[in-house]
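J.: fold the following and give me the result.
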Amino acid sequence: MAKSSRKGGLFFLFIIVILVIGYATNPSEEKFRLFFKEEIIKIADHEDNVVSENLLKIFSGTISNHQEIEQTDYYIFSVYKIDLSESHLVYIGAFNHFYKISD
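T.: Presented below is the predicted three-dimensional model:
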């Protein structure tokens with residue numbers, strides 16, 4: 001019986017540690033804007049049209065800074081939604097990383 005309660009206690013401690021790390025590493029909207037700027041630059045690098053590529057690179061900061069971003073903070077992770085004219089992007093921010101979950 002003691003082994004079972006010890007395993008339960010360790011599991012509970014593990015969950016608490018993961019939650020604390022998640023809370024401490026939940027990225028801010030400012031970090032997301034920097035990440036989104038880098039994503040725009042990556043997209044520009046793959047453009048076939050040189051003019052489009054250069055325009056995206058030049059305006060990537062303006063686009064990422066002025067783009068309407070809806071952040072929902074769940075304390076251990078955040079959801080970021082961006083409405084573009086042709087699509088709606090959704091990202092999850094957790095553990096200082098961003099993961100695209102829909103276009």
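
J.: now do the same contact list for residue 89.
T.: Contacts here follow Cβ atoms under 8 Å, 6 or more residues apart in numbering; on that basis residue 89 touches 81, 82, 100, 102, 103. All C-beta atoms are positioned from the backbone trio N, CA, C, and that covers glycine.

J.: show me what contacts the last one?
T.: To tie it back to what came earlier, the one meant is residue 103. By Cβ under 8 Å, 6+ apart, the contact list for residue 103 reads 87, 88, 89.

J.: could you dump those residues to CSV with secondary structure and pLDDT?
T.: Below are the contacts of residue 103 laid out as CSV (DSSP: H, G, I helix; E, B strand; the rest coil; pLDDT from 0 to 100):
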residue, secondary structure, pLDDT
87, coil, 79
88, strand, 87
89, strand, 89
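
J.: let's have those in JSON lines, adding distance to residue 42.
T.: Conversion of the contacts of residue 103 to JSON lines gives the following (distance: Cβ to Cβ, whole Å):
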{"residue": "87", "distance to residue 42": "16"}
{"residue": "88", "distance to residue 42": "19"}
{"residue": "89", "distance to residue 42": "14"}
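
J.: of those residues, closest to residue 10?
T.: Residue 10 has its nearest neighbour among the contacts of residue 103 in residue 89, at 39.2 Å by Cβ to Cβ.

J.: for that closest one, list each beta-bridge partner.
T.: Per DSSP bridges, the residues bridged to residue 89 are residue 82.

J.: please tell me how far it sits from residue 83.
T.: Residue 89 sits at a distance of 8 Å from residue 83 (criterion: Cβ to Cβ, to the nearest Å).

J.: please state the offset of the helix ranked longest in the chain from the chain centre?
T.: Secondary structure of the chain per DSSP state H: the longest helix is helix 2-24. The chain centroid and the centroid of helix 2-24 are separated by 26 Å under Cα atoms, centre = their mean, to the nearest Å.

J.: with stretch 23-32 instead?
T.: Distance of stretch 23-32 from its chain centroid, counting by Cα atoms, centre = their mean, is 8 Å.

J.: tell me the buried residues in it?
T.: For stretch 23-32, burial by neighbour count (16 or more other Cβ atoms under 10 Å) applies to 26, 27, 32.
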